[in-house]
Each structure stands twice: as C-alpha cells, then as structure tokens.
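Trainee: Coordinates for the following, if possible.
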Amino acid sequence: DPAALAAADWRVLAQHLVDLPMLVLVAALGLMMNIGAMEAATKRDANIDRELRISAQAAAASGALGGLFAALTVDRTMLIRRIGGHGPAAVIGIALATGLLPFLLPGLLELVPRWLLGALLLLVGSNNLQRWALSSRAQVTPIEWAQVLAVAATVIIFGSMIGLLAGLLLACGHFMALYG
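Mentor: Now for the predicted structure:
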C-alpha cells in the first residue's frame, strides 16, 4: 500500500540498519542449533542444506505476507511426532492449520479452555526439562551436565538470548579446555 509506505518513518528504519547483520547472525546460529537439537532428539542426521533452503523459503514467504521470521523449533516438531505425525505432510498440515484456522474460524480458539492450553504448555515444558536436563545426565560427563543445568538456570532467570549466549560461552570454554 503506497499510503503505508509514505507514512513510514524511514529515519527510524535507517537507525536500525546496523542491527540487521546481528539479526541475520542470530537467526542463522539459532537455526543451526535447532537443527543439531533435532538431530539429537530424532537420532537421525539432518540434511543441513535442505533445512537451510526450506528455512530461507519459509522466512521469505512469512516476510512477504507480513509475518515474523519463521524458524524450525524442536518443541513443535517433537509434539507433532508424539501425536503421530511423520514426514513433511504432517508438518505442512499443522502449519497450514495454524496459519489459516484463525482466519477461517476466528471464534474457534475461544472454545478451547485456557486451562487446556496451559496444560499443553506445561506438558511440553516438563517433557523437555525431563529429557534435556534430567535424562541427559547418564549420557554426558558431570562437567557437561553442570553446563546443561547452568544454561537452563540462565534461561529461566535471564531469558533465552542470555541463555543462548551463556551456552555458547560455556561450550566454547569447555572445548578450549579439552582441546586447547
């Protein structure tokens, strides 16, 4: 819409152009970490080239339609697998349902009790906490497990971005201590 473009404050956009490279870096780093987490969760090697291409196409489509950056998430993918969905058709079906249902049936979400959505959120969170923080203890060294707990605590206290940074710093420090 030309009127919307004319109403935009281009000076504010210009001030934030320096943030774009960092945004791209964080998005790419997050995507690579999610691909690694999916490989660990599914116990299968991912085709990284394919994942990067699909993520780029999803991001372009989302941006063209005015949406936010679309990214692979381990939680949703594992939830789809737990309810019996496998392969691209299940993911595409869930994505279409998630994207189109609010427009086709806008009052549908009002019919779902809030406690049910809260219970689903608690279920996914507790399963992830159990799987990644508690079950991993037998598979890693005590130092690595302490790092897992430190990152989890950092995410809980300070948020995801600080937790991501803490995890990267701890992993790099651990790598340097082992191989440096």
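Trainee: Only C-alpha atoms from now on, for both contacts and neighbour counts.
Mentor: OK.
Trainee: okay but I35 is in contact with I48, surely?
Mentor: Yes - look at I35 against I48 with Cα atoms under 8 Å: they come within range, at 7.5 Å.
Trainee: Show me which of those two is the more surrounded one.
Mentor: I35 (21 against 13; other Cα atoms under 10 Å).
Trainee: okay, now L149: neighbour count?
Mentor: Using other Cα under 10 Å: L149 sits among 16 other residues.
Trainee: before we move on, which element is it in?
Mentor: helix 142-158 (DSSP states H and E).
Trainee: list the buried ones in that helix?
Mentor: For helix 142-158, a neighbour-count test (16 or more other Cα atoms under 10 Å) marks 144-145, 147-152, 154-155 as buried.
Trainee: any idea which helix is longest in the chain?
Mentor: In the chain, with assignment by DSSP state H, the single longest helix is helix 20-42.
Trainee: how about that helix: buried residues?
Mentor: 28, 30-38.
Trainee: Report pLDDT for Q147.
Mentor: Looking at Q147, its pLDDT stands at 90.
Trainee: got it, and the one 10 residues further on?
Mentor: At I157, the predicted lDDT confidence score is 93.
Trainee: same thing with W115?
Mentor: So W115 comes in at 94 (pLDDT).
Trainee: Which elements pack onto whichever strand or helix holds it?
Mentor: Assigned by DSSP H and E, W115 belongs to helix 114-128. Contacts defined by 3 or more Cα pairs under 8 Å, 6 or more residues apart in numbering; DSSP states H and E place helix 114-128 against helix 74-82.
Trainee: What lies in contact with the helix it packs on?
Mentor: 34, 37-38, 41, 86, 90-91, 124, 128 (Cα atoms under 8 Å, 6 or more residues apart in numbering).
Trainee: same question, stretch 33-50
Mentor: 51, 72-74, 78.
Trainee: Now a ChimeraX select for only the buried ones of those.
Mentor: The buried residues among those can be selected in ChimeraX (16+ other Cα under 10 Å) with this line:
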select :72,74,78
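Trainee: Could you find the lowest-pLDDT member of the contacts of stretch 33-50?
Mentor: Lowest pLDDT among those: L72, 70.
Trainee: For M33, see how far away E51 is.
Mentor: 12 Å (Cα to Cα, to the nearest Å).
Trainee: Identify the spatial nearest neighbour of the most centrally placed residue in the chain, chain neighbours not counted.
Mentor: Centroid-nearest residue in the chain: T73, 3.7 Å away (criterion: Cα atoms, centre = their mean). Using Cα to Cα, 6 or more residues apart in numbering and skipping the chain neighbours, the partner closest in space to T73 is N34 (6.4 Å).
Trainee: in the worst-scoring helix or strand of the chain on mean pLDDT, what's buried?
Mentor: Sorting the helices and strands of the chain by mean pLDDT, DSSP states H and E puts helix 74-82 at the bottom, at a mean of 76. For helix 74-82, burial by neighbour count (16+ other Cα under 10 Å) applies to 74-75, 77-78, 80.
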